[in-house]
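# What would the 3D arrangement of this be:
(one chain, ligands or ions: 1)
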Amino acid sequence: MNDSIRTARRTVLTAGAAALAGGALTACGGGDGAKPESEAGSAASSSSPPSPTAATAAPVKALAKAADVPVGGGTVLKEEKLVITQPTAGNYRCFSAVCTHTGCLVNKVENGSIDCPCHGSKFKDTDGAVEKGPATRALAEKKIKVTDGTISLA
Ligand code: FES
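Below you'll find the predicted structure:
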């Protein structure tokens with residue numbers, strides 16, 4: 001009897017240890033469940049390299065003619081998702097045209113502000129700072145250069 005009780009205890013203990021190990025494995029399994037997401041992220045980032053390559057080629061591309069950017073106004077480049085402003089004569093600035101609120105493209109520059117049509121955010125044409133929400137973050141500024149009357153990314 002004692003041997004059968006010990007055997008039964010061992011069985012219970014072994015089963016308990018297995019359950020714990022199983023629990024631990026289950027916990028790891030939960031972690032494994034997150035792996036596909038990170039792998040998906042890796043896959044996404046592995047598919048990203050072509051974009052930086054394309055972005056690398058962008059700086060040599062002419063964005064606009066300086067003469068086409070009005071003083072006190074600006075030009076929205078929808079394809080490039082950029083906005084170029086000229087707050088004062090000869091002072092050109094360039095910002096991301098993607099509104100920091102929820103990602104609409106800004107659509108005009110007037111009265112010293114870059115305007116988003118979706119929810120009314122306004123950004124300063126001098127530094128991209130928020131003038132009026134709901135956006136809370138400034139438009140990202142891009143470095144540009146003006147060469148022979150042509151504006152391109154620096
Ligand atoms: Fe520009 Fe909402 S996306 S104000």
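
# burial count for V109?
24 (other Cβ atoms under 10 Å). Quick note: C-beta positions are derived from backbone N, CA and C, even for glycine.

# wait, it sits on G73?
Yes. Distance between V109 and G73: 5.0 Å, which falls inside the contact criterion (Cβ atoms under 8 Å).

# Measure how buried the closest residue to C104 other than its chain neighbours is and give me the count.
In this structure, C104 finds its nearest non-sequential neighbour in C118, 3.8 Å apart by Cβ to Cβ, 6 or more residues apart in numbering. Neighbourhood size, C118 [other Cβ under 10 Å]: 15.

# I'd like the distance between C118 and L139.
14 Å (Cβ to Cβ, to the nearest Å).

# Run the contact check for stretch 136-151 versus the ligand.
No. On the criterion Cβ under 6 Å from any ligand atom, stretch 136-151 is out of touch with the ligand, staying 10.2 Å away.

# and that stretch, which residues are buried?
For stretch 136-151, the neighbour count (16 or more other Cβ atoms under 10 Å) marks 138-139, 142, 144, 146, 151 as buried.
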